[in-house]
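Asker: sequence and computational prediction follow.
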There are 2 protein chains.
Amino acid sequence: MIDVVLCVPSCEGPIRKALEVTGVTPAVASTGRLAEVSALEPAGGFAGAVINAAGFPFTEAMNLCRQLRHRSTPVGPIILLVDHYQLDDLTFREDLFDDFVVGPFDVSELATRLRHRLRRAGNESVAARVVHGDLAMNLETYQATIAGRVMDLTYMEYELLRFLATNPQRVFTRETLLSRVWGYEYYGGARTVDVHVRRLRAKLGEEHAHLIQTVRSVGYRFGVPEREGGD
Amino acid sequence: MIDVVLCVPSCEGPIRKALEVTGVTPAVASTGRLAEVSALEPAGGFAGAVINAAGFPFTEAMNLCRQLRHRSTPVGPIILLVDHYQLDDLTFREDLFDDFVVGPFDVSELATRLRHRLRRAGNESVAARVVHGDLAMNLETYQATIAGRVMDLTYMEYELLRFLATNPQRVFTRETLLSRVWGYEYYGGARTVDVHVRRLRAKLGEEHAHLIQTVRSVGYRFGVPEREGGD
DNA sequence: CGTTGTGTTAACCCCGTGTGAAACTCGTCC
DNA sequence: GGACGAGTTTCACACGGGGTTAACACAACG
């Protein structure tokens, strides 16, 4: 399951970067009205919220915090982005938020705080992922699932599939794959790639084997087959 | 009653100012040895701790955090002072501290965080137990049980198992484990991890040995090898 | 002193990986 | 259309390197 973090009123620059690094998906609510927020909410609720009180009337931000806290389905940790001059306003409002960052916002600090709060809230599944159709690869657990079934991949198989899946629809020659997946100074036969593709297709299973397509006399491509000539 | 906050290794400049503003009394421990710390402790225990990891060997600071957390009379919130380049080192150590400030240290931010954590203290508690399947670890008494049976773990075994169990499903390289569990940079000796894993597996017993899985040419992972949240 | 915990070294074992050859498929040329 | 060849799939096997294991060295502690 992918964690969704509420962002108000926007998710630009360092904020988006920090969310990416942490491995969570932003849901942007520009106004911060409860109705708008609720419409964005995933089934399991938000994993957390990042509220930029610096680009927002401060009392509105506080109201939003209060409302989020009082909902029936509770939101995860609330992180406030504030300017330095707003620090005093936080006093006696400690219960409305869980952490805060002082601008100018730094990507690593923001990411560290996000991770800190999410993990302290018992959220284990903060992890970078590659998801493409029925295929999901968790980069931190080294596990890949196809249509929910765990694939038991070896190291090289995993690396190859990861490379292909992170560049869907693109065709790679065997030489490119060898240099990018195996290493730049790898010296070996091009047949190696074929065999690994074959093993991957076998583990993907009959119905998903076509996810890796052969482009004759060129190389291999990952993704659902497209119509020829449309690309 | 006056709140006393432990300060390591010193309490100068903005730190002292922030403590004054917040209205708490500092107790300075220059070395951070547990004996020195205990001598300073007031009857009711420390209200919190401010540990300057920037002016301190980082792993020593982490060890101090760990020891403070494991004491019978618990310390209040632990706030870490770090330099920007140390942010990455905080990952996977989220349980050891409650908040942090990135240098150069600003008086108002530090004071705000102190106040925030002190007022929130009691509301949130660090899990004193780690439970994962048949494994239960009591972080205060250093006891671990597997399927009800007490495991007689040594310090390092316990720390390694705790680290793995608090980050289930995630794969760690031997280097990461060495730096995060052992705490210092290691020269050679990656086999050390293997041996400790082997000893842990032996103490887990035949039927639970698989709780620590080997991910070939990557590292080790804790957890049941079942399907993950892929859908 | 013995005991216990911890890290190192080296032998052993096994799995993943790469390779060559055979079988097969597809496109092309006569 | 059939023959041919280039490209691809499939298979079996050998090798090497990573992992496991046991035994040892050494420090800390009583």
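Answerer: Structure's in. What do you need? Numbering: from 1, shown residues only, chains lettered A, B, ... in the order given.
Asker: by mean pLDDT, point me to the weakest helix or strand of chain A.
Answerer: For chain A, counting by mean pLDDT, DSSP states H and E, strand A:129-132 ranks last in confidence among helices and strands (a mean of 78).
Asker: buried residues, that one. List them.
Answerer: By neighbour count, and taking 16 or more other Cβ atoms under 10 Å in any protein chain shown as the criterion, the buried residues in strand A:129-132 are A:129, A:130, A:132. In short, each C-beta sits where N, CA and C put it, glycine included.
Asker: partner residues bridging the nearest residue to the first one once chain neighbours are set aside?
Answerer: The one in question is residue A:129. With Cβ to Cβ, 6 or more residues apart in numbering or on different chains as the measure, residue A:138 is the residue that lies nearest to residue A:129, at 5.5 Å, once sequence neighbours are left out. The bridge-partner assignment for residue A:138, based on DSSP bridges, gives residue A:129, residue A:143.
Asker: what is the burial count for residue A:138?
Answerer: Using other Cβ atoms under 10 Å in any protein chain shown, residue A:138 is surrounded by 22 other residues.
Asker: can you list the buried residues in stretch A:102-119?
Answerer: For stretch A:102-119, burial by neighbour count (16+ other Cβ under 10 Å) applies to A:102-103, A:105-119.
Asker: sort out for me which of the residues you listed are in strands.
Answerer: Taking DSSP state E as the definition of strands, the buried residues of stretch A:102-119 contribute residue A:102.
Asker: my guess is residue A:161 contacts residue A:201. True?
Answerer: No: using Cβ atoms under 8 Å, residue A:161 is not in contact with residue A:201, being 10.3 Å away.
Asker: of these two, which one has the most company?
Answerer: A count of neighbours by other Cβ under 10 Å puts residue A:161 above the other of residue A:161 and residue A:201, at 26 against 17.
Asker: element containing that one?
Answerer: Secondary structure assigned from DSSP states H and E places residue A:161 in helix A:155-166.
Asker: for that helix, packing partners?
Answerer: If contacts are counted by 3 or more Cβ pairs under 8 Å, 6 or more residues apart in numbering or on different chains; DSSP states H and E, helix A:155-166 sits against strand A:129-132, strand A:135-138, helix A:191-204, strand A:219-222.
Asker: which of the ones you listed is buried the deepest?
Answerer: Between those, strand A:135-138 has the highest mean count of neighbours, a mean of 22, where neighbours are mean count of other Cβ atoms under 10 Å in any protein chain shown.
Asker: roughly how far out does that strand sit from the chain middle?
Answerer: In this view, strand A:135-138 has its centroid 11 Å away from the chain centroid, taken as Cα atoms, centre = their mean, to the nearest Å.
Asker: quick one, what contacts the closest residue to residue A:84 other than its chain neighbours?
Answerer: Leaving aside its sequence neighbours, residue A:84 sits nearest to residue A:102 (Cβ to Cβ, 6+ apart; 5.6 Å). When contacts are counted by Cβ atoms under 8 Å, 6 or more residues apart in numbering or on different chains, residue A:102 touches A:82, A:83, A:84, A:87, B:106, B:109.
Asker: specify the beta-bridge partners of residue A:102.
Answerer: Each beta-bridge partner of residue A:102 is listed here, defined by DSSP bridges: residue A:82.
Asker: nearest the geometric middle of chain A, what residue?
Answerer: Per Cα atoms, centre = their mean, the C-alpha nearest to the average position across chain A is that of residue A:23, at 3.8 Å.
Asker: how much space separates that residue from chain B?
Answerer: As for residue A:23, its distance to chain B is 12 Å (criterion: Cβ to the nearest Cβ, to the nearest Å).
Asker: do I have it right that that residue meets residue A:129?
Answerer: Yes: between residue A:23 and residue A:129 there is a contact under Cβ under 8 Å: 6.5 Å.
Asker: quick revisit: which other helices and strands does the least confident helix or strand of chain A contact?
Answerer: The helices and strands touching strand A:129-132, judged by 3+ Cβ pairs under 8 Å, 6+ apart, are strand A:135-138, helix A:155-166.
Asker: now tabulate those in CSV and tack on distance to residue B:14 and mean pLDDT.
Answerer: As requested, the helices and strands packed on strand A:129-132 are exported to CSV (distance: least, Cβ to Cβ, whole Å; pLDDT from 0 to 100):
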stretch, distance to residue B:14, mean pLDDT
strand A:135-138, 41, 90
helix A:155-166, 44, 95
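Asker: nearest to DNA strand D, out of the ones you listed?
Answerer: Closest to DNA strand D of the helices and strands packed on strand A:129-132, according to Cβ to the nearest atom of the strand: helix A:155-166, at 8.4 Å.
Asker: tell me the helix or strand right after that closest one.
Answerer: Next along the chain after helix A:155-166, with elements defined by DSSP H and E, is strand A:171-173.
Asker: go through that following strand and flag the buried ones.
Answerer: Of the residues in strand A:171-173, those buried under the neighbour-count criterion (16+ other Cβ under 10 Å) are residue A:172.
Asker: got the residues of chain A near DNA strand D?
Answerer: Along chain A, the residues adjacent to DNA strand D under the rule Cβ under 7 Å from any atom of the strand are A:191, A:194, A:195, A:197, A:198, A:201, A:214, A:215, A:216, A:217, A:218, A:219.
Asker: what do you get if the cut-off is 6 Å, keeping everything else the same?
Answerer: Residues of chain A found near DNA strand D, taking Cβ under 6 Å from any atom of the strand as the criterion, are A:191, A:194, A:195, A:197, A:198, A:214, A:216, A:217.
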